[in-house]
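Q: My questions are about this predicted structure, shown below with the sequence.
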Amino acid sequence: MDENEKKLKGLEERAKRMKVDYMDISEKDITDDLSGLISVAFARQFHLIPVDIPDEDSLTIAMENPTDLYVLDQLSTRTKKKIIPVLADSDDIMSAISELYSSATIEEMKVPILEDSKMRHTDSLIKLETLNWFKEVVVKAINRNASDIHIETYENEIKVRYRIDGVIAESTTIPRDMEIQINNIIKTISKMKIEKRNIPQEGIIDLKIKCRDRVLRVGSLPTFYGERFVLRVTDEKLFDLKINKLGLSRNNLKMLKTMVRRRQGLILFSGPAGSGLSTSLYSTVHYISRPQLNVFTVEDPIEAPIPNVNQMEVNPRIGMDKADCIRAIMRHDPNVLMVSTIRERQIAHLLIEAALSGQLVLAGIYARDAIDTITRIRDLGIDPYFLSTTLTGVVTQRLVRLVCPRCSIAVEIDDELSEEMVAHNLDEPYNIQKGTGCNFCLGTGYKGRIGINEVLLLSDPLKSLILRGSSRARMEEQARRDGMKTLYADGLEKVAQGLTTYDEIKRVLIE
Ligand SMILES: [Zn+2]
């Protein structure tokens with residue numbers, strides 16, 4: 001009797017004792033459709049694999065331990081089928097798992113995979129090969145800490161690009177033949193309508209990577225050559241909700257805290273899109289919130305949960321647009337109300353009303369700088385009297401990249417920068433740093449981002465200028481006299497501290 005025969009005999013005897021059948025699965029053809037029934041993680045954890053569907057209600061599963069009641073119970077709950085356990089050789093099971101779930105190779109490379117249960121119903125529409133390609137794209141984005149993934153179709157190719165620390169980096173190009181498959185995968189998993197190609201759509205992909213729940217917010221846009229997709233990576237842990245982590249200078253932080261402490265009035269957070277407005281709003285709301293306060297938010301969409309806060313998501317399909325949400329909240333006696341963005345007159349008016357009735361209102365608005373923020377809200381038709389009585393302050397911001405801590409070196413200050421420093425009353429010693437590029441920062445010399453800010457706490461003279469409808473120039477002059485530090489000056493200070501570079505400040509502010 002040779003080794004193999006001995007092994008076989010042993011397995012058969014074990015099967016008999018366990019009162020199950022033994023199955024030799026080494027040569028068995030396990031069809032792809034079975035992979036959707038059980039997740040690869042579960043299969044690997046308990047050494048089992050689905051091998052057959054003898055009839056509609058049953059499922060044959062080859063197991064290393066076919067008498068494990070817990071696992072059998074889990075299997076029937078998960079698959080909603082009667083489980084027929086059979087014994088199989090452990091090594092055969094593991095190699096069959098690798099073959100069936102070809103994504104397993106990714107896992108072996110220590111690259112996490114999407115949670116398979118989310119994929120289950122989509123497997124039949126999708127080629128496994130393309131699915132794996134897509135998983136790799138997502139995994140790569142997350143490993144590199146990208147904020148979005150752009151998948152764009154051009155005349156002959158599809159480009160995948162990642163946005164890392166606010167800057168888009170090209171990643172891969174693939175032939176256009178894969179277009180339909182890729183589109184189908186993204187749309188199926190994100191629950192969009194596959195057949196609708198001429199309208200922009202929005203969707204969501206939930207996934208689990210490195211034991212963390214992530215959400216990809218997906219947007220599609222029809223373009224000349226085909227659809228393009230942007231997948232935004234969100235993760236509640238990416239929002240470090242501490243107000244002192246925003247990068248506000250000590251003085252700016254003090255002013256923001258003063259505004260918040262008044263517990264009423266309107267505080268506006270401004271900047272262009274992508275300047276980290278949500279993070280600042282979230283952190284400030286988080287700083288304010290406590291169980292005894294009624295704190296509400298109106299968001300579009302909710303980007304991360306905040307403890308002790310009632311968050312509402314705008315949903316026009318069920319008749320809850322932004323204005324409906326605000327009106328509904330006003331009936332619940334709020335102490336604090338946060339609205340992610342003001343773009344419309346109606347919303348601006350509702351928020352002023354809330355601030356006038358004694359609530360603390362925080363809102364985001366797209367504007368270039370602090371004074372521009374005042375003129376924008378005024379342009380939304382707000383009465384100068386109401387604006388001057390409610391507006392407490394403005395926090396404007398941009399995000400700049402931080403010098404990579406692993407490859408930074410001290411550099412001499414050049415004449416241009418030196419003059420700017422002196423002109424903005426920044427005294428020596430300076431600690432000018434730059435990144436030389438390493439693996440950690442993917443050769444860019446930058447890693448992570450920090451805010452630069454302009455914080456304006458409204459003085460009485462400035463309020464009376466608002467009341468009189470004064471020009472931008474007059475208000476600017478007053479703000480300077482009140483000691484407001486501009487975005488540029490705050491940026492220079494962060495250059496002097498070695499946090500970022502002068503090039504980066506220019507890139508972000510001079511456009
Ligand atoms: Zn580096």
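A: Done, it's in. Numbers count the residues shown, from 1 in each chain.
Q: Every contact and neighbour count from this point should use C-alpha atoms.
A: OK.
Q: Stretch 388-408 and the ion in contact?
A: Yes: for stretch 388-408, a contact with the ion is found by C-alpha under 5 Å from the ion, at 404, 406-407.
Q: distance between that stretch and the chain's centre?
A: 19 Å (C-alpha atoms, centre = their mean, to the nearest Å).
Q: as a whole number, average confidence for that stretch?
A: The average pLDDT for stretch 388-408 rounds to 95.
Q: likewise stretch 12-27?
A: Here the average pLDDT along stretch 12-27 is 89.
Q: Going by neighbour count, which residues of that stretch are buried?
A: Neighbour counts using 16 or more other C-alpha atoms under 10 Å place 12, 15, 20-23, 25 of stretch 12-27 among the buried residues.
Q: ok, of the residues of stretch 388-408 next to the ion, which one's closest to residue 292?
A: Nearest to residue 292, judged by C-alpha to C-alpha, of the residues of stretch 388-408 next to the ion is residue 404 at 41.7 Å.
Q: ok, the closest one - how many residues close by?
A: Number of residues near residue 404 (other C-alpha atoms under 10 Å) recorded here: 25.
Q: ok, now the one 5 residues further on?
A: Neighbourhood size, residue 409 [other C-alpha under 10 Å]: 15.
Q: who touches it in this structure?
A: Each residue near residue 409 by C-alpha atoms under 8 Å, 6 or more residues apart in numbering is listed here: 433-436.
Q: Next one: whichever residue of the stretch 1-150 of the chain sits closest to the ion from residue 262, what distance?
A: The ion sits closest to residue 144 of the stretch 1-150 of the chain, with a gap of 13.1 Å, by C-alpha to the ion. Noted for residue 144: a distance of 41 Å to residue 262, by C-alpha to C-alpha, to the nearest Å.
Q: These two: which is more packed in?
A: residue 144 (16 against 11).
Q: mind listing what that one touches?
A: residue 164.
Q: that older thread, and which of the contacts of residue 409 is nearest to residue 467?
A: residue 433 (44.8 Å).
Q: and that closest one, how many residues sit next to it?
A: Using other C-alpha under 10 Å: residue 433 sits among 24 other residues.
Q: so it makes contact with residue 407?
A: No: using C-alpha atoms under 8 Å, residue 433 is not in contact with residue 407, being 9.8 Å away.
Q: Are we agreed that residue 399 is in a strand?
A: Yes: assessed by DSSP: H, G, I helix; E, B strand; the rest coil, residue 399 belongs to a strand.
Q: Setting aside sequence neighbours, what's the nearest residue to it?
A: residue 451 (4.5 Å; C-alpha to C-alpha, 6 or more residues apart in numbering).
Q: in a helix, that's where that neighbour is, yeah?
A: No: going by three-state DSSP, the assignment for residue 451 is strand, not a helix.
Q: which residues touch the nearest residue to residue 83 once chain neighbours are set aside?
A: Nearest non-adjacent residue to residue 83, counting by C-alpha to C-alpha, 6+ apart: residue 59, 5.1 Å away. By C-alpha under 8 Å, 6+ apart, the contact list for residue 59 reads 50-53, 81-84.
Q: Of those residues, which is the most crowded?
A: If you count neighbours using other C-alpha under 10 Å, the busiest of those is residue 50, which has 26 neighbours.
Q: Who are the contact partners of it?
A: 30, 34-35, 37-38, 59-62.
Q: Try it again at 7 Å.
A: For residue 50, the contact set (C-alpha atoms under 7 Å, 6 or more residues apart in numbering) comprises 34, 60-62.
Q: and if you look at residue 356?
A: By C-alpha under 7 Å, 6+ apart, the neighbours of residue 356 are residue 390.
Q: One more: the one 4 residues further on?
A: Counting by C-alpha under 7 Å, 6+ apart, residue 360 makes contact with 263-266, 335-337.
Q: what's the most distant pair in these?
A: Using C-alpha to C-alpha, the contacts of residue 360 span at most 12.4 Å, a distance reached by 266 and 335.
Q: Neighbour count for those two, which is higher?
A: The neighbour comparison of residue 266 against residue 335 (other C-alpha under 10 Å) goes to residue 266, with 28 against 19.
Q: Just to check, the more buried one is in contact with residue 355?
A: Yes: using C-alpha atoms under 7 Å, residue 266 makes contact with residue 355 at a distance of 5.9 Å.
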